[in-house]
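> Sequence and predicted model, in that order:
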Amino acid sequence: MNDVLYVNGGTPLEGTITVRGAKNFVSKAMVASLLGESPSVLRNVPQIRDVGVVTGLLELHGVAVKSDPEAGILDLDPSNVESAHVADIDAHAGSSRIPILFCGPLLHRLGEAFIPDLGGCRIGDRPINYHLDILRQFGAVVDKRENGIHIRAPRRLQGTKIELPYPSVGATEQLLLTAVRAEGITELSNAAIEPEIMDLIAVLQKMGAIISVDTDRVIRIEGVDRLEGYTHTALGDRIEAASWASAALATGGDIMVKGATQPEMMTFLNTFRKVGGRFDVQDDGIRFWHPGGDLTPIVLETDVHPGFMTDWQQPLVVALTQAKGLSIVHETVYENRFGFTDALRGMGATIQVYKECLGGRDCRFGQRNFHHSAVVSGPTPLEAADIEVPDLRGGFSHLIAALAAKGTSTVRGISLIDRGYENFQDKLTALGADVSRG
Ligand code: EPU
């Protein structure tokens, strides 16, 4: 029963915590090591379950991984890369979507790759059509079978010209990890340009790749014959940092987040300030606090970078339940990312979800039966409840709500949060929260 956290809430979170490397970069940089002819070293790696999952997958494919979890250092030696069995990949992948990104590197090294049915948080349909289209365009043959997808490269993959229908993060990473060793030039239009992608490009450049990024979402890659290993320090996790900032706001607290960085969080900081939160950018992190008085409602739309990240939305919505008036939130990245509001309503929040595009421009989910806009009316005191964690970010948001609520909440399925939040229980305790595992 250690999958339950009892949270005795109602106390402002106060103190200092540290965030390390970004989950959504570290896993991709680990995959990139497969492309090198020599070992790689990755620093600032957090102890989260997704890192364990990717380590297992790399080991299955013959990569020797040495880990120093305390120091946050991974040594990745791809000298003996080999094929893995699809059933083993399936067993190791857990709920991760990372196996899809092994395709490009494995096609270059072995000429084939297998992908099991993919997981990931249930926040929408999460198809992989862009990924498969990209691989086909490089000349790979995609064969859907009962136990997963088999992909092979009958000859060396060829550079190509591709325009994404939507600037997908994963599809852009797929293209980068495939194009760097394909023959000739690849040009990607409508690419995602999230900071985690820029850091992946930095890693690939260190390995020997030739990649240029234009100002209009166009990325050009000149394929090379050989890449070496890299040594790199991962950028900080801006989703975790924003989650702690939202927790400070929702609980009326004051949290110094070491490792949080301003350039990657500019859009979040603007919104945080408009809601009424205060922050102070320091050399080693950012301090976030609630200055007292009323919080201000806002109109917010999630978007791809440099817009307001979809992953920041869920924690911030909890803080918006404490703002005085009506806030409107339009989710334009995932069609189904308001499921977590059911539990908040159960705790006393007033949140209504709508199928219409509210508060801004029309998005691709309008008129399509997706509840992708929310109206939050506050302030409403939150009450303790018995909650089941739905997904990673929704789960952390429930935790924030439980910390803000008076009384003892029971939060079940808490291990899902270990996927992306390092030592969160220790950090909560360090911030003065009264929590214990069941
Ligand atoms: N999409 C397609 N077809 C595809 C791929 C994507 O239609 O083949 C759609 C998705 O359904 C979605 C949109 O494109 O509506 C954007 O998805 P994207 O590919 O950008 O997301 P992702 O690469 O699967 C990563 C992060 C997510 C984060 C998004 C957006 C990782 C492992 N995951 O997902 O992080 O929300 O980018 O920034 O990097 C999380 O950390 O909790 C998380 C969900």
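Right, received. Where do you want to start?

> wait, what's in contact with whichever residue of the chain sits closest to the ligand?
Nearest to the ligand in the chain, going by Cβ to the nearest ligand atom, is residue 170, at a distance of 2.8 Å. C-beta coordinates here come from the backbone N, C-alpha and C atoms, glycine included. By Cβ atoms under 8 Å, 6 or more residues apart in numbering, the contact set of residue 170 is 97, 100, 101, 128, 130, 131.

> Check those residues one by one and keep those near the ligand.
Among those, proximity to the ligand is found for 97, 128, 130, 131 (Cβ under 6 Å from any ligand atom).

> top of the residues you listed by neighbour count?
Most neighbours among these, by other Cβ atoms under 10 Å: residue 131, with 26 neighbours.

> what sits against that one?
100, 103, 170, 171, 174.

> ok, and the closest non-adjacent residue to residue 313?
Excluding the flanking residues, the one nearest residue 313 by Cβ to Cβ, 6 or more residues apart in numbering is residue 302, at 5.1 Å.

> list the contacts for that neighbour?
308, 309, 310, 312, 313, 329, 330, 331, 332, 333.

> what about it, distance to residue 329?
8 Å (Cβ to Cβ, to the nearest Å).

> From the contacts of residue 302, keep the buried residues only.
Neighbour counting by 16 or more other Cβ atoms under 10 Å classes 308, 309, 310, 312, 313, 329, 330, 331, 332, 333 among the contacts of residue 302 as buried.

> Look up which residues are beta-bridged to the first one.
Beta-bridge partners of residue 308, counted by DSSP bridges, are residue 302.

> Give me the neighbour count for residue 236.
By other Cβ under 10 Å, the burial measure for residue 236, its neighbour count, is 26.

> Which residue comes closest to the residue positioned nearest the centre of the chain once chain neighbours are left out?
Residue closest to the mean C-alpha point of the chain, counted by Cα atoms, centre = their mean, is residue 24 at 4.5 Å. Of all residues not flanking residue 24 in the chain, residue 196 sits nearest, at 4.9 Å (Cβ to Cβ, 6+ apart).

> Restrict the helix or strand hosting the one you found to CA atoms and write it as CSV.
Per DSSP states H and E: residue 196 is located in helix 195-207. Extracted C-alpha coordinates of helix 195-207, given in CSV (Å, rounded to 0.1, in the frame of the first residue of the first chain):
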residue,chain,number,x,y,z
PRO,A,195,14.2,24.6,-25.3
GLU,A,196,14.5,20.8,-24.7
ILE,A,197,14.8,20.4,-28.5
MET,A,198,17.4,23.1,-28.7
ASP,A,199,19.4,21.3,-26.0
LEU,A,200,19.1,18.0,-28.0
ILE,A,201,20.4,19.9,-31.1
ALA,A,202,23.3,21.1,-28.9
VAL,A,203,24.0,17.5,-28.0
LEU,A,204,23.9,16.3,-31.6
GLN,A,205,26.2,19.2,-32.7
LYS,A,206,28.7,18.1,-30.0
MET,A,207,28.5,14.6,-31.5
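
> who's in contact with that helix?
So helix 195-207 is contacted by 22, 24-25, 28-29, 32, 35-36, 40, 169, 172-173, 176-177, 180, 191, 209, 211, 213, 219, 227-232, 234-235, 238, 263-264, 305 (Cβ under 8 Å, 6+ apart).

> ok, and does that helix reach over to the ligand?
No. Counting by Cβ under 6 Å from any ligand atom, no contacts exist between helix 195-207 and the ligand, the nearest distance being 6.8 Å.

> Pull out the buried positions in that helix.
195, 196, 197, 199, 200, 201, 202, 203, 204, 206, 207.

> Then stretch 256-263?
256, 257, 258, 259, 260, 261.

> my guess is residue 191 contacts residue 219, does it?
Yes. Counting by Cβ atoms under 8 Å, residue 219 is a contact partner of residue 191 at 4.6 Å.

> what is in contact with these two at once?
Joint contacts of residue 191 and residue 219 (Cβ under 8 Å, 6+ apart) are 172, 175, 213.

> List only those of those residues flagged as buried.
Taking 16+ other Cβ under 10 Å as the criterion, what is buried in the shared contacts of residue 191 and residue 219 is 172, 175.

> Reformat the shared contacts of residue 191 and residue 219 as CSV; add distance to residue 362, pLDDT and secondary structure.
Formatted as CSV, the shared contacts of residue 191 and residue 219 follow (distance: Cβ to Cβ, whole Å; pLDDT from 0 to 100; DSSP: H, G, I helix; E, B strand; the rest coil):
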residue, distance to residue 362, pLDDT, secondary structure
172, 24, 98, helix
175, 28, 98, helix
213, 29, 98, strand
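
> Could you break the protein into its assigned domains?
4-19+236-437, 23-233 (automatic domain parsing).
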